[in-house]
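K.L.:
Predicted model follows, preceded by the sequence.
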Amino acid sequence: MQGRLSVWLVKHGIIHRSLGFDYQGIETLQIKPEDWHSIAVILYVYGYNYLRSQCAYDVAPGGLLASVYHLTRIEYGVDQPEEVCIKVFAPRRNPRIPSVFWVWKSVDFQERESYDMLGIFYDNHPRLKRILMPESWIGWPLRKDYIAPNFYEIQDAH
C-alpha cells in the first residue's frame with residue numbers, strides 16, 4: 001500500500017520504493033544513494049522542512065548498511081504534522097551516500113556519528129570526521145562484523 005507521499009512521488013516520476021508504514025503509521029520509503037540528494041531537495045521544497053533525526057544501522061553481517069532519515073512537514077496552524085521515514089541503503093564495501101547537510105543543517109553531527117560508528121561516507125559533508133571515537137581508532141564499532149581490540153593485550157604489551 002502506498003502512502004500519500006509515495007503517490008505524489010509516482011505522479012511526478014520520482015523513483016523510489018515504498019516500504020509501507022511503521023507501527024505509528026509513518027510512511028517509509030527507500031531511495032537509491034545516487035538519487036538521494038536530488039530527492040532530498042525535492043522533499044524540502046515540497047514542505048519537509050525539518051529533519052527530526054538521522055541514524056544508521058548494519059542490516060546484517062556482511063550485508064548492506066542503512067542510513068535513516070525522519071523528516072517532518074511543519075506548517076503553521078497544522079496540529080498533526082506530516083512525517084516520513086527515508087531509508088538509503090549502501091553497500092558495505094564502499095558505503096557512500098550524499099550528505100544532506102546543505103538541505104537540513106541539523107544533520108551535521110548525526111551524519112558524523114553514523115560515519116564514526118558504521119563507516120558510511122557522506123559525500124560533500126563539510127566536516128566528516130570522527131565525533132565519538134578518537135581519530136586514531138581503527139574500524140567501525142557498530143558494524144555487526146566488527147572485532148573489538150583486546151585492550152588487556154594492548155596494555156600488557158606496554
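P.N.:
That came through fine.
K.L.:
and residue 87, what helix or strand is that in?
P.N.:
Residue 87 is part of strand 82-90, with elements assigned from DSSP states H and E.
K.L.:
which residues does residue 144 contact?
P.N.:
Going by CB atoms under 8 Å, 6 or more residues apart in numbering, residue 144 touches 58, 60-61. Quick note: C-beta positions are derived from backbone N, CA and C, even for glycine.
K.L.:
Most neighbours among those residues, please name it.
P.N.:
residue 58 (21 neighbours; other CB atoms under 10 Å).
K.L.:
mind checking how far it is from residue 70?
P.N.:
Counting by CB to CB, to the nearest Å, the gap from residue 58 to residue 70 is 19 Å.
K.L.:
Figure out the length between the terminal residues of stretch 134-145.
P.N.:
20 Å (CA to CA, to the nearest Å).
K.L.:
likewise stretch 133-141?
P.N.:
OK, stretch 133-141 end separation, CA to CA: 9 Å.
K.L.:
what mean pLDDT does it have?
P.N.:
The pLDDT scores in stretch 133-141 average 93.
K.L.:
Equivalent analysis for stretch 87-95, please.
P.N.:
97.
K.L.:
Sticking with residue 37, tell me its helix or strand.
P.N.:
Using DSSP H and E, residue 37 falls in helix 33-46.
K.L.:
Surely residue 97 forms part of a strand?
P.N.:
Yes - checked against DSSP: H, G, I helix; E, B strand; the rest coil, residue 97 lies within a strand.
K.L.:
Go ahead and confirm it touches residue 33.
P.N.:
Yes - the pair residue 97 / residue 33 is scored as a contact, 4.9 Å apart, by CB atoms under 8 Å.
K.L.:
Give the intersection of the neighbour lists for these two.
P.N.:
88, 90.
K.L.:
on that earlier part again, can I get the contacts of residue 144 in CSV including distance to residue 20, pLDDT and secondary structure?
P.N.:
Formatted as CSV, these follow (distance: CB to CB, whole Å; pLDDT from 0 to 100; DSSP: H, G, I helix; E, B strand; the rest coil):
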residue, distance to residue 20, pLDDT, secondary structure
58, 21, 98, strand
60, 20, 92, coil
61, 25, 89, coil
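K.L.:
Quick check: mean pLDDT of the helix holding residue 37?
P.N.:
97.
K.L.:
circling back to that earlier point, neighbouring strands - and their directions - for the strand holding residue 87?
P.N.:
strand 27-30 (parallel), strand 65-73 (antiparallel) (DSSP bridges).
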